[in-house]
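1. Predicted structure and sequence below. I'll ask about it afterward.
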Amino acid sequence: RTVIQIGDKTVDYNEKFQLYLVTRNPRPYLPPDIKAIITEVNFSVTRAGLEGQLLGVTIQHENPNVEKEKSEMLQKEESFKIQLAELEDNLLKALSESKGNLLENEELIATLTKTKVAATEITESLEKATIANAELDNQRNVYKPFAESA
């Protein structure tokens, strides 16, 4: 006989016991120690979304470096896009707050120059990220037939 302690009660334990929890929350908070012992299934995805999840899990198991690089690349791309949007907002704010002749406003011209340089760097980084992302996708596509069949 196997028993477990739940709170202050001792309860019989059955090896065949399974617990299913259902929620409408697409991203429920689960502590890391719980995530390590459960299987989370998201039924609200499309076939393509499920295929993508299976592809991610497969690659995470078979070649974790590729999935890690892909995740980091996506984070970098989002960061670049946010920086670009902030630069545009700052430029528009500087233009709206400027007084007098725009061509004589040295602070505005410095802001324009700084924004142009930063935007060029970010655009180049985004182009490099797109190329690297395509290469990572090619590496991921090796496992795609497995994800499709699952």
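-> Cool, the structure landed.
2. Select the helix or strand of this protein having the lowest average pLDDT value.
-> Lowest by mean pLDDT, DSSP states H and E among the helices and strands of the chain is helix 144-149, with a mean of 76.
3. Show me what it packs onto, helices and strands only.
-> Contacts defined by 3 or more CB pairs under 8 Å, 6 or more residues apart in numbering; DSSP states H and E place helix 144-149 against helix 47-62. Bear in mind the C-beta positions are built from the backbone N, C-alpha and C, glycine included.
4. Which positions within the helix it packs on qualify as buried?
-> 50-51, 54-56, 58-59 (16 or more other CB atoms under 10 Å).
5. This protein: strands as residue ranges?
-> Using DSSP state E, the strands found in the chain span residues 3-6, 9-12.
6. Kindly reformat the ones you listed as JSON lines containing distance to residue 21, mean pLDDT and mean neighbour count.
-> Shown next, in JSON lines, are the strands of the chain (distance: least, CB to CB, whole Å; pLDDT from 0 to 100; neighbours: other CB atoms under 10 Å):
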{"stretch": "strand 3-6", "distance to residue 21": "16", "mean pLDDT": "86", "mean neighbour count": "9"}
{"stretch": "strand 9-12", "distance to residue 21": "18", "mean pLDDT": "90", "mean neighbour count": "10"}
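7. so how many other residues sit close to residue 70?
-> 18 (other CB atoms under 10 Å).
8. i'd like the first residue to be 11 from this point on
-> Taking 11 as the first residue, the last one we looked at is residue 80.
9. my read: it touches residue 143, true?
-> Yes - counting by CB atoms under 8 Å, residue 80 does reach residue 143; the two are 7.4 Å apart.
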